[in-house]
Every structure is written in C-alpha cells, then in structure tokens.
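Peer 1: got a structure for you, letters missing:
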C-alpha cells in the first residue's frame, strides 16, 4: 500500500480479519513510535490517537477506577431519557447482535455503561475485558473505543482491532453512535455494538447510526406527545387569564401561551416551586403546578432584573453551561457548542462585538451576520435582558466569570471557530 494513502473500512472488510489486524497493529506501533506508518490511519482514529498521546493514556495497560455500585447504576438508569427508548433499542439491536455474536451496550454521557445485552459468550468475554455494566469507557480513561470516542466527536465511529489505542482491546471490533436529546441537542449517551474482531462488517456502523436516529425520533415523538397533553390540561386555566401567561413542561418547553408570542422554551429556575419566581426571559412570574408541567403567569409590573452574576463554564470537553445568580435566585442552562462559542466570545469582549465581528470570529467570514443574529436571538430566549445589542454584549452591571479548562488546548475542543483556535494556541 502507498504510505500516503489512508485505509478505510471497505479495505479492512475485504481482508482476512487476522491480516487486517496485523496491518493496523503495524500502523499503530509506528504512529506511537513517532515513525511514518505503512498506511495512514483513518482520520477519526488518528485524531483520537493524538488526543490519547497528549492526555498520557497508557497504550499498553488498561487502568481505570472500579465499577459503579448497583444503586448508582439504577439511579443513572432511572434519570436517563434513554430509559424511555430502551424497548426500541432492544427490538432493533439485541436479536441481530446475538445472531452475529455481538453485544449491545448503552452508555450515558459520562461513558458509564448502563445497559448491556446480547450473545452470552461475548458477554462473558466482555466481563474479562471490563466491558460490563457500571464500567467507565470514556476515551480519556480507556483510549479510542466505540463508546468513548463518539462521546468526544459526537459522530458515529467504528473501531476495529488495533485501532483501539489500548492493546488489550485489540481482539474487539465496535461501532458506536451518539444519541442526543432532540429538544436541545444535549448529549445523552452512546449506542454501541461490539464483538470479536472476526465479526467486523462495515455495514455495522450504518446499522448502529440508524438505530440511534430511530431512538432520537422516538424521543421527539414522546416530547411532542407530552406537550399536547399539557396543552389540553392548561387550556382552561389560560382562558381565564387576562394578561401574559404560558404553560411549560418541566424542562421549560412551551405547550401554550396567552397574551404573548409563542416561545419555544424558557429557562426555569433550578428548584421551581409554587409561588413567585424569576424567569430570565420573562421577569417576575407566579408559578402554579400542572400535570406534566407548570403554569407561569407573568407579573407585568416593573421589576428589577435581580441577576448579578453570570458564570460561563467551558471547562469540560462536552458539557458547557451558563449559570445566572443573584437576589432573585439562580438557574443553569446547558449550552450547545455554538452558544458556548458565542458566550465565550462575548465574555472576552466585554465592550461588545458587532454581528460582523462575531461572524469573523466564528467563521472567518464577516458576511455571515444572518447566522450570528439568528443564534443570538435563540440565546436571548434564556438570557433575556442580560444581553444588549448594537453591539452585542453583556450588560455592564453583570459580573461575568468564565471557568476555563486547565489546558488551553481543551477549550471547546470541537470548535472550528478561528477566534477559539487562537485562544487555544496563544502566541509564545
């Protein structure tokens, strides 16, 4: 093979499994030794190996903490939205996985395995490898793998034999796809199918990707069904209200409104209780519980903003958030990558940034102002009066703090924004 070529799954699948494994082992060994490999690894694998080398993951030994206890596993299962789509995942994956000598594995967003089913013999092999319920399979813990790597890349990934960074995993092949919350893009976990390296097939990745998409579609259906039920319950109460009011589910998604434009979602206080509360995009409100959600009646009398401190947390690789706190209480909102980028840039430019300036920062193209304005209008739905415009900026009387990762290279690692890239690699 040409040393400048990149191997792909189609080539691997056409080879004898043992031959393919030896080839990938030579590629891995040369890469780890800093030499030119006989053929380049696939881009997603090479990028993962680079992260492992930078993070100091041991390529020859699998070191990790112990399993989660039974109680913590059950707690994570019960609180995971994936629990609601487990019947779909089982129906689509388990019977085929058993026949193909594979196992199905479902992890949460931390890389902890919460469910595992499939071929009995492969389950026993998984036990010996530590591939069991409660185990931690994040990429920075056990290297390149079908659970941890999709959590980092947020894309489906297939890992064959010696493409696994840690040597003890080379007898396995796995394909994993992330599952995201269709309501807000929040990462929920990974659907993975794994088995002996002889069972590798390139179509496995498409199969797993399709099942993950099916799970997301079912979550979307359940969400819309819940809003329909809440809308029916709230209708009589909203009809009796003369001012502004809305019915929202427990996550702030709007089912119905009266006296105001329809909002997709509002950011609710952390611990919402009946009575007076402060909702950032609405101001002071009175909250009353409804089956499946809340009735929020907006107090249209002038109220001070109350929020004085904004904490932007971009210290973790995949879970970014903004927390607002002050005399009126506190609340936290998880951020998409784009919103994390925008708020980070505004925190860096307290004097303000124009739409064209932000477009230059994000895309290297100052003409992409329409995209910037659209995203910032979505940000304002939960940050409300805390953001000013012309230019875009945080209000002067807010205390804005940013939690950064320990290593600048870990700042929003999936971001391709030129300004973020410059912040990761400051001039020496």
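Peer 2: Here it is on my side, so go on. Note that the coordinates shown come from a computational prediction; the quantities given were computed from them, not determined experimentally. Numbering: from 1, shown residues only.

Peer 1: Enumerate the positions of the longest helix seen in the chain that are buried.
Peer 2: Longest helix of the chain, by residue count under DSSP state H: helix 203-239. Within helix 203-239, the residues that qualify as buried by neighbour count (16 or more other CB atoms under 10 Å) are 204-205, 207-209, 211-212, 214-216, 218-219, 223, 226-227, 230-231, 233-234, 237-238. Bear in mind the C-beta positions are built from the backbone N, C-alpha and C, glycine included.

Peer 1: In space, what's closest to the residue nearest to the spatial centre of the chain - neighbours in sequence excluded?
Peer 2: Residue closest to the average C-alpha location in the chain (CA atoms, centre = their mean): residue 187, at 2.7 Å. Using CB to CB, 6 or more residues apart in numbering and skipping residues adjacent in sequence, the residue nearest residue 187 is residue 109, 4.7 Å away.

Peer 1: where does the stretch 1-150 of the chain dip in pLDDT?
Peer 2: Counting by pLDDT under 70, the stretch 1-150 of the chain has low-confidence residues at 1-4, 8-15, 63-65.

Peer 1: What separation do you get for residue 242 and residue 297?
Peer 2: To residue 297, residue 242 is 10 Å away according to CB to CB, to the nearest Å.

Peer 1: So those two - more neighbours on which side?
Peer 2: Set side by side, residue 242 and residue 297 give different neighbour counts by other CB atoms under 10 Å, the larger being at residue 297 (21 against 8).

Peer 1: what helix or strand is that one on?
Peer 2: Of the helices and strands defined by DSSP states H and E, residue 297 is found in strand 293-298.

Peer 1: Could you do residue 330 as well?
Peer 2: Applying DSSP H and E as the criterion places residue 330 in strand 329-335.

Peer 1: between the helix or strand that comes right after that strand and strand 329-335, how big is the angle?
Peer 2: Beyond strand 329-335 in the direction of the C-terminus, DSSP H and E gives the next helix or strand as helix 337-348. Going by axes from the mean of the first three to the mean of the last three CA atoms, to 10 degrees, helix 337-348 is angled at 120 degrees with respect to strand 329-335.

Peer 1: Packing partners of helix 337-348?
Peer 2: For helix 337-348, the contact count by 3 or more CB pairs under 8 Å, 6 or more residues apart in numbering; DSSP states H and E identifies strand 309-313, strand 320-326, helix 355-363, helix 369-383, strand 393-394, strand 399-403, helix 418-424 as packing neighbours.

Peer 1: Show me which residues of stretch 113-132 are buried.
Peer 2: When neighbours are counted by 16+ other CB under 10 Å, the buried residues of stretch 113-132 are found to be 113-119, 122, 125-126, 130-131.

Peer 1: How about stretch 34-41?
Peer 2: Of the residues in stretch 34-41, those with enough neighbours to count as buried (16+ other CB under 10 Å) are 37, 39-41.

Peer 1: can you put those residues in a markdown table and add secondary structure?
Peer 2: Shown next, in a markdown table, are those (DSSP: H, G, I helix; E, B strand; the rest coil):
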| residue | secondary structure |
| --- | --- |
| 37 | coil |
| 39 | coil |
| 40 | strand |
| 41 | coil |
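
Peer 1: Let me have those in a markdown table, extended by distance to residue 374.
Peer 2: A markdown table is the format used below for the buried residues of stretch 34-41 (distance: CB to CB, whole Å):
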| residue | distance to residue 374 |
| --- | --- |
| 37 | 43 |
| 39 | 43 |
| 40 | 38 |
| 41 | 37 |
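
Peer 1: which residues in the stretch 51-200 of the chain form helices?
Peer 2: Counting by DSSP state H, counting those that start in this stretch, the stretch 51-200 of the chain has these helices, from start to end: 70-79, 86-89, 95-99, 120-129, 139-142, 148-153.

Peer 1: ok, and which of these has the densest surroundings?
Peer 2: Of all those, helix 148-153 has the most neighbours on average by mean count of other CB atoms under 10 Å, namely a mean of 26.

Peer 1: name the helices or strands packed onto that helix?
Peer 2: The elements that helix 148-153 packs onto, with contact taken as 3+ CB pairs under 8 Å, 6+ apart, are helix 43-55, helix 139-142, strand 157-160, strand 172-180, strand 187-196.

Peer 1: Could you identify which of those is most buried?
Peer 2: Neighbour counts averaged per stretch over these are highest for strand 157-160, at a mean of 29; criterion: mean count of other CB under 10 Å.

Peer 1: any idea how far that one is from the chain center?
Peer 2: Distance, stretch centre to chain centre, for strand 157-160: 19 Å (CA atoms, centre = their mean, to the nearest Å).

Peer 1: Then stretch 336-346?
Peer 2: Its chain's C-alpha centre and that of stretch 336-346 lie 15 Å apart, by CA atoms, centre = their mean.

Peer 1: next one: stretch 367-382
Peer 2: Mean-position distance between stretch 367-382 and its chain equals 21 Å (CA atoms, centre = their mean).

Peer 1: Also stretch 193-203?
Peer 2: Taking CA atoms, centre = their mean, the mean C-alpha location of stretch 193-203 is offset from the chain mean by 26 Å.

Peer 1: what about it, start to end distance?
Peer 2: The first and last residues of stretch 193-203 sit 12 Å apart, counting by CA to CA, to the nearest Å.

Peer 1: What ranges in the stretch 251-400 of the chain fall below the confidence cut-off?
Peer 2: Counting by pLDDT under 70, the stretch 251-400 of the chain contains low-confidence residues at 301-307, 326-329, 384-385.

Peer 1: related to what we said a few turns ago, which members of the buried residues of stretch 34-41 are the farthest-apart pair?
Peer 2: The largest separation in the buried residues of stretch 34-41, counting by CB to CB, is between 39 and 41 at 8.0 Å.

Peer 1: Touching both of the two, which residues are there?
Peer 2: 6-7, 27 (CB atoms under 8 Å, 6 or more residues apart in numbering).

Peer 1: Taking the residues you listed, please make a ChimeraX selection of just the buried ones.
Peer 2: Here is the ChimeraX selection string for the buried members of the shared contacts of residue 39 and residue 41, based on 16+ other CB under 10 Å:
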select :7,27
